[in-house]
Structures are given as structure tokens and as C-alpha cells.
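Trainee: My questions concern the predicted model and sequence given below.
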Protein chains: 4
Amino acid sequence: MSDGLGEIAVGLAAVARGFHARGWLLGTSGNLSAVVQREPLRMAMSPSGIDKGELQAEQVLTIDEVARVVGQDGGKPSDESLLHIRIVKERGAGAVLHTHSVWNTILSDVFAADGGIKIEGYEMLKGLQGVRTHEHAEWVPIVENSQDMASLADTIGEALNKHKDAHGFLLRRHGLYSWGDNLAQAKRHIEILEFLLETIGRTLRICVQVI
Amino acid sequence: MSDGLGEIAVGLAAVARGFHARGWLLGTSGNLSAVVQREPLRMAMSPSGIDKGELQAEQVLTIDEVARVVGQDGGKPSDESLLHIRIVKERGAGAVLHTHSVWNTILSDVFAADGGIKIEGYEMLKGLQGVRTHEHAEWVPIVENSQDMASLADTIGEALNKHKDAHGFLLRRHGLYSWGDNLAQAKRHIEILEFLLETIGRTLRICVQVI
Amino acid sequence: MSDGLGEIAVGLAAVARGFHARGWLLGTSGNLSAVVQREPLRMAMSPSGIDKGELQAEQVLTIDEVARVVGQDGGKPSDESLLHIRIVKERGAGAVLHTHSVWNTILSDVFAADGGIKIEGYEMLKGLQGVRTHEHAEWVPIVENSQDMASLADTIGEALNKHKDAHGFLLRRHGLYSWGDNLAQAKRHIEILEFLLETIGRTLRICVQVI
Amino acid sequence: MSDGLGEIAVGLAAVARGFHARGWLLGTSGNLSAVVQREPLRMAMSPSGIDKGELQAEQVLTIDEVARVVGQDGGKPSDESLLHIRIVKERGAGAVLHTHSVWNTILSDVFAADGGIKIEGYEMLKGLQGVRTHEHAEWVPIVENSQDMASLADTIGEALNKHKDAHGFLLRRHGLYSWGDNLAQAKRHIEILEFLLETIGRTLRICVQVI
């Protein structure tokens, strides 16, 4: 852990362990980041391939604006670091969180043909920054999954530009991204969106004919 | 934290953390209160916008009968403080708890056209104060959600007057309110009602056509 | 806590807190007991109306063969103590546990007309004492619920006599009872039966028309 | 606990307690092992009939290549030790884990007629060692359950040979086996496969007509 990371890394590790306990980061999936400084950009980033249920602050890496590790030997940042960096730039976010839950995975697929999910009429929407009433309609865009991170970052950049008010997006059959001005707000957004996706998923009569 | 709050605030914070772990207070949703003294009314109230999974006794506020913070600088009580105060006055409650669970959200919508949910024939009903047999029929009123707290408090006051025996009510697509003579009883009522709502929700063949 | 209870009470309280965390003892529901001595009968029994998530060994009571508290002032044993005592006498059990889970509540109702649930062909059945193969067919009797404990104890006694091999039974819309030679075995039986009931419940296409 | 086991046994016990908390090892079900040395083979193995939620490193046994306890008095290794040994030999695995979850039990039965489950198109697949893209198709073979461990070990050996790329398999109505080069990798594989099986299970319109 390099200088300046201290408290931020402690916070990221705590969120990681809590989300892992809820089953949102199983099998080393998902990743977490927070901005340490903006000029030049330095971000705290969870390492690749680590059990999030046991993540310690000391394992958190510092990366620059092209996702290179800074000031440390060893350690490999999450493969999806470029997506975090893009979100930070597009949204001015202070923290970005990415979860793999059972419900976000299912809904990202069930609604893929619609290009997104409209969530409307729930009080919980007020937990999203700037939303003042349950009558708000939140559009959660769904982006096709890809292993080409540079290309995926561009696609996400376009989706963020097209949907200026979105507080998060789904990668199809992959997971949820959300962010906030700081780690607490990003955590709040993930909890709100995970709650709403589960609520919608359980309300649906899921009848996709898999068998 | 002002004088007199001590033990009450510790209790509220412990309940908050426990309910957050169960997923009933995600994303800073929900709120908790308890009466500190009645004349003039002083209530311990959870602050607005705080992660309930990390709520500490020191963050709990004291409010008066019009929801103003008393004896402290800073801190903003929950937006729904007026609803807590109304319940305390209508029911003589010593504590009021409000949760946002996936199942209470779903059922508050599925049964909205009926104006409430009748729960009957379950042993768990005996956990509601004054209920002596599973043959009891509990009516859980459902009130339309609103962002006008003064108006919503009046609507709730009417519902409480109309349903004198109700131990809780639902706000549509919003959440559950319950209360008790003290915090332990209010916690028991929430656990009982959440259990029964989940049981009914899982028993239903949910076939609302959302897609 | 009276003499002789020590270690047994510590064990009961630990099981209570663990089962409460799983949602099997919400709202002060359920109860737990273990035999301290047989002649004359002395049993450790969870008190009535206590939050099982906070049960401490010091709160565990000692009762005699007619469910009177022995050697302590104050404290009220669970209303269902007579059922525990009957099970101890009929089965020679060393510990009796009673849980209220969402799935055991649902299945106790869905299968009530059959008088019980046949569970067959699951490896988990081998966790029931004396069962050596998954081909075993376990019959879990369902008994109608009642508030007359003396009468209910007799009904249960008859069911236990009729189904000599049963490792547990359900009270309709109420909960599950199981037992064992000692607390560890009783805990194992509850976990096995809760697992199997949830598995069966999730496999069913629940289509009871409640709405 | 014999010499050489130390750290391995601590790790196995920690994984056991964590998986028990998730409900994957209820009722003393499931078992865990890790290779201590290969020539001659010595494996750390969870004992039979122990509550995995309370497993301590001191209870972990050492067994040889025919599942005899080595260097200790007392203690009985899991009945399924022969299956662990076979997997170690066939795959060169360093650790083998076996869980009983509700979802793996259900899916092992629903897809039994197909002889396995094809899992394809999920990002989470990349958590399986050697998988580089969500476009990977993982085949999870399903083997009929049996109480004849020697025979079952042979059947599993054949399945592993036939499906060289499989990272795990299901025993019908019994549970999931997975493995890895070391304990961390085996834990990751179990988490990935449990996640994917739950996702598929919840996506299905389960309509097996049990009633």
C-alpha cells in the first residue's frame, strides 16, 4: 500500500468484506475503487484474483490513469480497472463499485432485449443521489458483455453520455456498476440498486424456458 | 447525543445494525425512534442519510414534538420523523421502527388494491402484543406513499384510528412501520410482521405481469 | 440459572443465537430445551418472551416434569414446555428444539391435507440418526395447531407413537419440532430437516391461490 | 492433529465455518480436504459427523491413500474420503471441497436426465481456473448417488476422464464437488459454481410436479 491510500484502503476493504458476506462478490468476482487524487489521477483499486471476503487494506493497489500500478512492486489491479477509470472521468465519481449478485445477473439477461430496466415508483429510489421522490423513473442501461476492456470502456462511455442521469448500469450476465461522490455514497447506490433489482426479480413470474 | 438518551441510543443503534445485516435497512433506508420523555415529548431518532449498518449511539438525535433537533448542534433527523411522532401520539408507543425489506415492498404493492393484507391462522401472530391465539386475524393496512410528510402523517393517523387493533401498516412500494411499548416489543413486532409477509409472499404464485 | 445447568445452558443459548441469525426464531418465537437429569426429571428450558438473538445462559430456566420452574425466583418457561416434556418421555430425547422458519411454516400448510410430508432419496437424510442411505423414506407428520397445550401434548404423543421412526414433526402453520440424544444431535436434526423442507419448497411450483 | 498439518488445518476449518454460515454444510454434511504431501500421499481431511460451523483445526485428521487415519488415535474421517482421494489422483488437485446447498441439490435432480448442466455465457465462469471468457461453456456432470464408496469413486473417475475440462461435478440429490491446485482456488471454484447454480435455478420456471 503506497502513501496517501491509508484510510481509503481501509474503507474499500471493509466494503469488500461486507458485500462478500451478502454474496455479491463471490469467487474473487467484482472490484472496488476510490479516487486518491485527481491531477494526476491516482486511484485505490482492489487487486485481481483476491478473495474479497478476506481483503485487507494492505492489499489495495494504487493505479494511474492508464491502470498501471504506481509506487509498489508486484500486485495486479483488477482487469476492469479501465472501466473504473472511465466512470471516474465521465461522472467525476470519487468511488466506483462493481458487484456480481444472483439477481443483477438474472435481470441483466431477462431485460437485455430492452436495453435497460426502468425502475419507477419505489421509495428506495430516493436513496439515489439527487432523487427527491418515489415518482422518479430510473433507467438502468444494460451493456453487452465483452472481454475487450478498451472497447468495453468506450461502449460504457457512450452509454453514460446517452443516459446522463443514470446512477448505475448492468453488464449483461456479468454484473452491476455504480458510483458516487465518495465511497459511502457509492456503497449506498449499490445497496439501493441491488435491493430494487431483487424486488423486481422476485415480483416477476420468471418463465424463461431454459429447460 | 444529549443527556438522557444514553441507553436508548445504544439500543436503537444495535437494532439498526442487526436489521441492516438482514437487508431490511439497505442504502440508508428506514428509520428508528424511541420515546425518551413524554411531557414535553422528547424522542431519540435515527439521523437522516446515515448507513444503518454502521449506526453508533453517538449519532442518534433528540427531537421534540414537531421534529426539531433538541440540545445538539448539527444533525438532521429522518425525514419521516413526523410519522414516528404521529404513531407515538396515536398509539402511546414507546418505540417506532420502519423497515424496507424486499418482501414488504412487494406485498405492499400486490395487495394495494385491497387496502391491506389480512394475516390469519399463523402461530407467529401470537408474537403481536395482546394476541393469544393463531386464530387471530391481523389486518395490516396499506397506505399510498407520498412525499408530503404532514399530509402523510394525517393519512396514517386516520388509518390508525380506523384500524385500532393494527400492530403495523405498510406504505405502498415503500416499507413497513410497526411499534411497541418499548424497543424490545417494537423489534419483536417488526420481526413477526416481516416473517409473516415473507411467508405469504413465498406462498403466493406471484404472477404479476411485469414483462 | 440453578446448579447443574451450567454447560447445558451455555449450549442452548449458543444454538438459540445461531438459529435466530438464520431467521428460524424471529420475534421471540421457538424454544429450546435439554435434559439435566432424568429422575426426577429436570430440564433446561428457554424462557418465554425472550429475544432468542440475545439469549444468555443465565436466562435459561430449570423446570420439572410438570413444567414448574425449580430453584429460581421469577422467570416463565416457554408455553410449549409440556410439548418438550412429552417428547423427552416418548423418545428418551436429551434435547428438543423447535423452530419457526418461513419454509417449515409454508410446507406445514401445503401438505396438511396429506397429514405429513414424505422425504425420500436425498443424501441429507443420512444426517438423521440411524439412517444409512439416501434411499430412506422419512415421514414428517403434520399435526393441527392448537392453543390447548395439554391436549396438543396428547395429540403429539399419539403421532409419535404412530410414527415410531420419525425424527421430527410439524405443527400446522406453526413450526418444526425435532430432538436428539443430546443438543448436538438435536441441532443436527433441525438443520437437516430445515434444509430438506426448503429444498422441497423451492422445488414445488407453489400455486396455492391465496389472492 | 499430526505434524505438518498446521496451517492447512487452520485453513480448512475457516472455510468450513464460512460455508456453514452460508448454509452449504448444514447438519454435519459436506467435507473438506487438502493435500499435505504427495509421496506417500497424506491428506488433511475433515472428520465425520462434526458440526462444520464449529470445526477447529485440531479436529482435522491426516489420512493416507486408502483413507486410513495416520499418526493419531481416534477420529473417523469423512465417509467420502475415497472420493476426495480419487479426485486428487485424477486431477492432481491440492484441495477438494464438497458442499450440500439447496440449489445444488435441486439442480442435480432437475437436470439428472441430461447427465449434466451446461453453463455458458456468464462472466462468473472466468473464476474457474483457465477460463478466459464468458463465452466458455462449462459442463457440470451429474453422477447418480450411491452408498458404495468404492464403486462411486470408480464412477466419478470415469466421469472425470470423460470430461477432462470439468471443474466440478454433482452427485444427484446429494451435492457438489469441486477442487483446485490449493485451498484458495478450490474455495473460489465452489463459490463460482454455487453462484451459477443458484442463478440458473432462480431463472428456471421450476414446475416439477411434486404435489
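Mentor: Thanks, I have the structure now.
Trainee: isn't residue A:143 right up against residue A:170?
Mentor: Yes. Residue A:143 is in contact with residue A:170 according to C-beta atoms under 8 Å; the separation is 7.1 Å. Using the backbone N, CA and C atoms, a C-beta is placed for each residue, glycine as well.
Trainee: Compare these two (neighbour count), which wins?
Mentor: Taking neighbours as other C-beta atoms under 10 Å in any protein chain shown, residue A:143 and residue A:170 compare with residue A:170 leading, 25 against 22.
Trainee: Can you tell me, leaving aside adjacent residues, what's nearest to the more buried one?
Mentor: residue A:108 (4.0 Å; C-beta to C-beta, 6 or more residues apart in numbering or on different chains).
Trainee: For that neighbour, which residues are in contact?
Mentor: By C-beta atoms under 8 Å, 6 or more residues apart in numbering or on different chains, the contact list for residue A:108 reads A:142, A:170, A:171, A:172, A:173, A:174, A:175, A:176.
Trainee: switch the cut-off to 6 Å
Mentor: A:142, A:170, A:172 (C-beta atoms under 6 Å, 6 or more residues apart in numbering or on different chains).
Trainee: Which pLDDT value goes with the closest residue to residue A:119 other than its chain neighbours?
Mentor: Nearest residue to residue A:119 in three dimensions, chain neighbours excluded: residue A:138, at 4.6 Å (C-beta to C-beta, 6+ apart). Among the per-residue scores, residue A:138 holds a pLDDT of 98.
Trainee: part of a strand, is residue A:138?
Mentor: Yes. Residue A:138 forms part of a strand when assessed by DSSP: H, G, I helix; E, B strand; the rest coil.
Trainee: helix or strand for the residue nearest to residue A:170, which one?
Mentor: Remark: residue A:108 resides in helix A:102-110, with elements defined by DSSP states H and E.
Trainee: moving C-terminal of that helix, what's the next helix or strand?
Mentor: strand A:116-120.
Trainee: end to end, how far does stretch A:62-70 reach?
Mentor: By C-alpha to C-alpha, to the nearest Å, the extent of stretch A:62-70 from end to end equals 5 Å.
Trainee: cool, stretch A:175-187 as well?
Mentor: End-to-end distance (C-alpha to C-alpha), stretch A:175-187: 15 Å.
Trainee: Can you confirm whether it lies near chain D?
Mentor: No. Counting by C-beta under 6 Å from any C-beta of the partner chain, chain D is not contacted by stretch A:175-187; separation bottoms out at 6.6 Å.
Trainee: Name the residues of that stretch that come out as buried.
Mentor: Buried residues in stretch A:175-187, defined by neighbour count with 16 or more other C-beta atoms under 10 Å in any protein chain shown: A:175, A:176, A:177, A:178, A:179, A:180, A:182, A:183, A:184, A:185, A:186, A:187.
Trainee: again with stretch A:22-33
Mentor: Within stretch A:22-33, judged by 16+ other C-beta under 10 Å, the buried ones are A:23, A:24, A:25, A:26, A:27, A:28, A:29, A:30, A:31, A:32, A:33.
Trainee: could these be laid out in TSV, adding secondary structure and pLDDT?
Mentor: Below are these laid out as TSV (DSSP: H, G, I helix; E, B strand; the rest coil; pLDDT from 0 to 100):
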residue	secondary structure	pLDDT
A:23	coil	98
A:24	coil	98
A:25	coil	98
A:26	helix	98
A:27	helix	97
A:28	helix	96
A:29	coil	97
A:30	coil	97
A:31	strand	96
A:32	strand	98
A:33	strand	98
